[in-house]
Each structure stands twice: as structure tokens, then as C-alpha cells.
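Trainee: Below is the structure, and that's it, no one-letter string:
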């Protein structure tokens, strides 16, 4: 568009309407019997006798095209896997095809060709290589149909969580990741130089989401968090996406568990409705969530010890093996693939965790295990100023360092609590993967900083 | 709930239904003539002769309550500002009240009281204090009606952007913020020690969003980015929320500008529909976006120089004053509060920017200015491997360091481009604030690391 200015100068304008000359993959089925233009990357060429299958990778689908000298107006040798093309094609109804039609390729314009052939086969059912290679070559291995379906599904999980939280009147917040102090304590924190001062990378948005409860009552954030864990296990990442929510005016920490149960149930239903294609590609068994069993930490420890004739070696934490056994047990007994474990020992929970008034050794807190892996930690927080200060002192903390954190307690806070859920862990358990890195686009671990 | 297990053990369960005993603020008007329970924080107590106004701060609204010895069954002195209460009240229709009703306070249960009175008045129309204090006391100053409306509106902007991008088939991605190399070059990058290796905080998700175009064609991410800028200006933040999108199969960089124009128009309409309360509290003048004028960088420089009789001192960048004058000029000439500036000098754009084939001194790139401030940088990227390698070499870069970045070019990439928009800058210009910190929950600048 052009507009005329007073002084006879004309100036071009942009009006926000994108001229899209090609047909969207989703609408192809409305064009059966017609000639269309479509774009995409050539995923796979399979030469048969007398014709060829050409699989075109579009935004979300792999579209089957047919090349034949009978109708195609170009030579098949001009096509190359991983080149980007615009294709003119006839949409032919075909019941045997997955999408209900085939595309007969008429003409092709190549927009871009690869410089080299990929060093591994990425266009089979799955990428058949080591975890190491799969991750090293992420920019191309993610082009595999199955690999990219994982992260499309992850998008769905995120969307669903947001929709559910918004429906429940949570306000989205953006809190800083460069912080003056760690919220979770311990040594697993990344330090950086901030213009000559020491600063840290946020282990969680804990302090900030609590502060924001004083402002909006209910808040959430889905954002990266950072843990300088030295463990190199299948469960740990040094950077992950944390789904955090925090809510005021709770009557007990069970309110938080209720909210999470509703959120997860909604998410799983949302995936069934909106991500059926990825569910099929990945052959995911989506669990149903009706009621989630709740068990106290110590009771769970004892139950596992008795059932499996194991010795309890650690009264403050689960061993990974115990989490798996607890899942096995709960699944057998209740059919649930989720289990809430509550009342973790005060010693192992951070300074902001509220203790059980009836037993100060235990906190009003919980973890959620999904198929034997902890995916959430949550609980009620201390809201009273004096109580919080005393708790910090009893932990040997320097109260003055937390002046801005304590401001909310000092000037009034409602009873509140919340949780953090690891998006990659949730995705990974949903897909029954054996390593959380498989549910992380570009994982960071003690040995991996690239790509 | 309880469920019975086989061996006669019963176990409690959580079923995801939160028992909410109090009425939601939004539904109060449906209860006129009834007695309800509601919770919130006491925002303000105003004693009048014979009765008192008590303003209750709820999730999104300030609800007016009336205290009178005539009907209230407690003493007003028991109430304290910033305490958290559960209130039983009669909902009385009242045309003069903003919400159409008043709440007659009957009984009150206090859940939590502040330890001290806030060191500044936070319950007037706005917080009347210095920027310094406003930010130092964020946990409480954000409780002010106007302050919190800013970030509620920001939530709306984010929601709108997401909805628009999803409608346009962009896939949401989560990319790492700890990276092995900076995407934007220059010295303004935070370094950290990553298990004995040098790592950096991402200045943008540039590399990763490009890689993901090879996977999903269109991707977006709304996440923090980090710039170690030493500038202490009203426009700079050291950590901000970047709205990034990247799209394949573009015909020119104008496609990206079209997409952004559509996105911004949608967002402004979305705010008008869903955030009217905040728009009123903040007295925001929402601009209409029909067509956005486009001007080349050098032509803009010359136009400003001629119109305002200024000397051009810098042929590679705008001075902040020039951005303001360009806005003034464009607004006079076209009525638009947005202007696209295109064809920035190649020297000033990063190594991945595509040059104009007709004039290698210029890039196929753009900035979007909103009311005189740059809020977006975008453009078409180089997709050809050889072209990208040569460009890097010509910039004196060590190509081997970017092996994983170049993988996508090597194994095939469609023509593509994208942009990054600063969420805080966008919010700040929308509200006509004079400092971007005012649109940042917990700003980070060269002097500020807390709260």
C-alpha cells in the first residue's frame, strides 16, 4: 500500500495482511480435485517402479506427494532431501493415504538446497543413533517426525496449563532470573559477575511469586530456572522450564494439590482434544486422572520398606529406586500413575516452608510423583513476619540479607502456598522416556553446553 | 475423599475440585440482595461521620465496603490496612458505586495482620514517591491499584501475542538461556562459570529460533534475555522479556513486518475487549493500527535533518532525539504512532542479517518505532551455507566456533526471518511512561539487583 502525504511525497505502508500464496497443509483436504500451491521441505524421496513417493514436511504434518513422469513436469533428479520447495500439485482423494488424499506433483520451484547430506538418517520412523549424537545434531535430528512431535506435544502441555490457570484467575508474571540470592539454598547455584557485584541465576521464582501473591492473590510463571547440579543423571538438567504457581487465601496445602490435580487433568484432556496427531505419532498412553492418592512421606518410606523387604537408609529423602517402587505399589493399589507424597521433613525443606503445627519436624508440603519420578515440589509458605524471621535465624541465615524478601511479610501477607512443576520431566514421564534430555530441546548438563 | 485399598487400608485422595467457600469478586453483582462471603486484603479505611468506607483489594478489583455500627457486628478498630480478611457482607445495589453495588460489612475474620505500617502511602491514586523508592519497595508499592494495573495489562499483551501467533501456526519453543556464544556479538554479554567452562547468558534466542524454523517453519518464544549494557538510561534494562518469532518461506522481510503489524493490531483490540478496567485505571489511550508507514533508514535520517535543520552526525544509527523527531514527523504526516524503519547499514547489523542484493551496504532488516522508541528489531536472515560462512569470515569470526549453528544452513534451510520485541518497552510506550523500568516488575540495571 502507499499513502500520499501533504507535500506530495508518497510513502509505503504495511497493513498487516500477509499475502499467503500457498495453501496451508490443514486446508488441503478442502481442495480435493483442485490444483494448489504448497510449500515445505522435502523430507524423504522413495523411488518405486514407475513413480516416486515424495514426503513433504510442513509445519505440523508430513504430506505424501506422488511423482510420476506421467503428470509431473520436471525430472525427479532435481529434487533433493532437505531442500525447501514451492510445489504445484493436484489434490487427489485417496482413501489409502493417511490424510485422505495424495498430492500429484506438477511443478516445483526450489527455494533453497542443502550444502551437504545429513551425517545421519533423520527421515526414518525414529533417529537411530546414540543419545550423544541425537543431542549433538539437534538442529537436524529435531526434523525427524517423531522428535518434533515431542516438542509439539510439549507446546500443548504449556498451552493447557496457561488456559487452566487463567480460567482460575491466576495472573501471569515475569520475574528476574538474575538475582541477589538463591531461593532454595545449597551450593547448586550459578554465580555470575554483575558489574563487579556477585549475582546468581534464579533456582526458582520463589521469592518473587510470593511477593506477587500480595499483589494479585494468584500468580503463575512459565520460565527457565537454573540449577548448578553436578549430578549427571537421567533426571537432572542444569536449566529447565519451571511451571510455577502461587496462590493466596488457601486453607491448607491441600488446596494447592487440588489446583494441581485439576490442572493436570485439564492438560491431559486438552492434549487428547488438540494434539491427537502427535499422540498417534508418539504412541502416547495418556493417563486418566480422576483421584490422586496422597501418602505421608514417612508412611510411604515404611510401606515400601515393608512391601519390598528393604532397609530404610535415608529418613529425609527418597532414593530414586524407592520412587519407582512407590509408583509400582500405588498403581497396583489405586490404578493411579500419580501420587502425592506429603509432610516432608522440615530439615530437608527450605526456610520458607511452613511447619506442621502438630509436629514441627514435618512441613505442610508435598511432592507429586508421576510414574515414579518427582515432577513437582510444593507446599504452604510461612506468611507471618515473626515466624519467618525466627525460622531463618534457626537456620543460621543472615536475616538482613533478605530485607526485600521479608518486606511482604512485614507489611502483611495472606496465608499462601504454591508449587513448581518441571515441564521437561512432566513431558518425559508422559512419553515414558528413560531420560529427561529427550524432552528438552537443547539440554544443558554438566558436560553439555552446545548446541 | 478416601479410597479403600484391597488390604483394608484406606488412603486419602485429591480429586482436583477446590472447595471455594468465598464468592469471587466477579460474581458479586449476581448476588445483590444476598449475604455473601468474600476474601481480600484491606486496601484502605476511610472514616466518615457515622460510618466508614473500607476498600477491599481482591484479585483484580478494589471493592467498596461500608462499615457502620448500625449493621456491622464488630468494632471498626479491629480492622487494619493490609491485613487479610474473610468478610461476611450483604450485597446492596448502589448506582453511585463504580461496580453497581456496595458491600455492607457484617462480620470479619482476620487471617493475617501486618507487622508494621508501610513506610509510604500505597493506597492513594498513585504512589507518590521517587522512582528509586518505588522500585526499592516493589513488594508493597505494586499493591497500589495503578501499579498493579500496569502488569495486569502486560499480561494481556502477552496473552494476545500468544493467541495471535498460535492462530498463525507458530509453535512455542523453550530455548536455553545459558549459551556457548552470544548471538548479537559485542561486549554486552554476561559471562558465567559453567563447571569450569566459560558460558554466557543469551542476548536473544536468535540461533535457536532459526534452528527451529528448520523444524516447525514458524516458531515463537516469550522469555527473558540478558544484555550487559553499561548504559543507565530510561530505555535500557539488563534483563528483559523478549517476544521472539521467526518464520520460514518468507518472500521478503516485508512478510515479517506484515505479521508484526497484524500481531500488534490484534493485541490492541484484545486489550480493548478484555482489559477495559485496567485501561480506565491507567487512562491509556490505545492507538489504532491500520497501516504503518515504512521509511528507509537513510531517508529517515535525511528527512529529519532537513525538517528540523539538524546535522547528521552518525550515519549508522539513530540518536534517541532523532527517533522522537521521526515519530513527531510521521504522526503529523500519517497519523500513525508506529513507524517501520528499514534497510539499516550492514555494518551495524549482526552477521546473520541478509544484505540487500542491490546494495550490499544495506540489510533487509527493520526496526519498529512506537511513539519514538525502538521496540523491535527484525529482518531476513541468511539461509545459504556458503553465504553465511563468507559473511562470518568477512566479519573476522572464527567459523569453527559456530559449527552447531551452521548445521542448519549446511543441511538445508528455507528462506526465513523474524524479530524480537521488548515486552517492557512496548508496555511502557503504550502507557506513555518516561522510563521503561516502570513497566518492569523487578527491573535489573547497572545499579539495581534487588528486590
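Mentor: Here it is on my side, so go on. Source: prediction; values computed, not measured.
Trainee: what about residue A:336, distance to residue A:370?
Mentor: Distance, residue A:336 to residue A:370, using CB to CB, to the nearest Å: 10 Å. The C-beta positions use only the backbone N, C-alpha and C, and glycine is treated the same way.
Trainee: try residue A:100
Mentor: Distance, residue A:100 to residue A:370, using CB to CB: 36 Å.
Trainee: now residue A:208
Mentor: Note on residue A:208: its distance to residue A:370, by CB to CB, is 26 Å.
Trainee: Between those two, point out the one with more neighbours.
Mentor: Neighbours per residue (other CB atoms under 10 Å in any protein chain shown) separate residue A:208 from residue A:370, with residue A:208 holding more: 26 against 23.
Trainee: I'd say the more buried one and residue A:175 touch.
Mentor: Yes: using CB atoms under 8 Å, residue A:208 is in contact with residue A:175, at 3.6 Å.
Trainee: which neighbours do the two share?
Mentor: Residues touching both residue A:208 and residue A:175 (CB atoms under 8 Å, 6 or more residues apart in numbering or on different chains): B:441-442.
Trainee: Spell out whether the host helix or strand of residue A:106 and chain B are in contact.
Mentor: Per DSSP states H and E, residue A:106 falls inside strand A:101-112. Yes: using CB under 8 Å from any CB of the partner chain, strand A:101-112 comes into contact with chain B via A:111-112.
Trainee: I'd like the next helix or strand past that strand.
Mentor: helix A:131-136.
Trainee: what comes up buried for that next one?
Mentor: A:134-136 (16 or more other CB atoms under 10 Å in any protein chain shown).
Trainee: Same check on stretch A:53-61?
Mentor: A:54-61.
Trainee: what sits up against that stretch?
Mentor: Counting by CB under 8 Å, 6+ apart, A:25-26, A:38-46, A:62-67, A:79, A:85, A:87, A:99, A:103, A:105, A:123, A:143, A:145, A:152, A:277, B:169, B:171, B:216-218 sit against stretch A:53-61.
Trainee: In contact with the spatially closest residue to residue A:296 that is not a sequence neighbour, which residues are there?
Mentor: Distances taken as CB to CB, 6 or more residues apart in numbering or on different chains place residue A:343 nearest to residue A:296, at 4.6 Å, with adjacent residues excluded. Residues near residue A:343 by CB under 8 Å, 6+ apart: A:296-298, A:356, A:359, A:362-366.
Trainee: Just the buried residues of the residues you listed.
Mentor: Buried members of these, counted by 16+ other CB under 10 Å: A:296-298, A:356, A:362-366.
Trainee: Determine which two of these are furthest apart.
Mentor: For the buried ones among the contacts of residue A:343, with distances taken as CB to CB, the pair at the greatest spread is A:298 and A:364 (14.6 Å).
Trainee: any idea where the strands of the stretch 351-451 of chain A begin and end?
Mentor: Remark: strands assigned in the stretch 351-451 of chain A by DSSP state E, counting those that start in this stretch are A:355-356, A:359-363, A:365-370, A:373-381, A:416-422.
Trainee: strands paired with the shortest one, and their directions?
Mentor: Sheet neighbours of strand A:355-356, with direction, are listed as strand A:359-363 (antiparallel) (DSSP bridges).
Trainee: any residues touching the partner strand, and which ones?
Mentor: Outside strand A:359-363, the residues within contact range by CB under 8 Å, 6+ apart are A:296-297, A:343-347, A:349, A:353-356, A:379.
Trainee: Closest one to residue A:375 out of the buried residues of helix A:131-136, please.
Mentor: In terms of CB to CB, no member of the buried residues of helix A:131-136 lies closer to residue A:375 than residue A:135, at 21.7 Å.
Trainee: Next one: the closest one relative to residue A:343, how far apart?
Mentor: For residue A:135, the distance to residue A:343 (CB to CB) stands at 38 Å.
Trainee: buried ones in the longest helix along chain A?
Mentor: Using DSSP state H to define each element, chain A has its longest helix at helix A:145-167. Neighbour-count burial for helix A:145-167 flags A:145, A:147-162, A:164-165 (criterion: 16+ other CB under 10 Å).
Trainee: how about the closest residue to residue A:151 other than its chain neighbours, what does it touch?
Mentor: Excluding its sequence neighbours, the residue lying closest to residue A:151 (CB to CB, 6+ apart) is residue A:441, at 6.0 Å. Residues counted as contacts of residue A:441 (CB under 8 Å, 6+ apart) are A:138, A:142, A:151, B:173-176, B:208, B:212.
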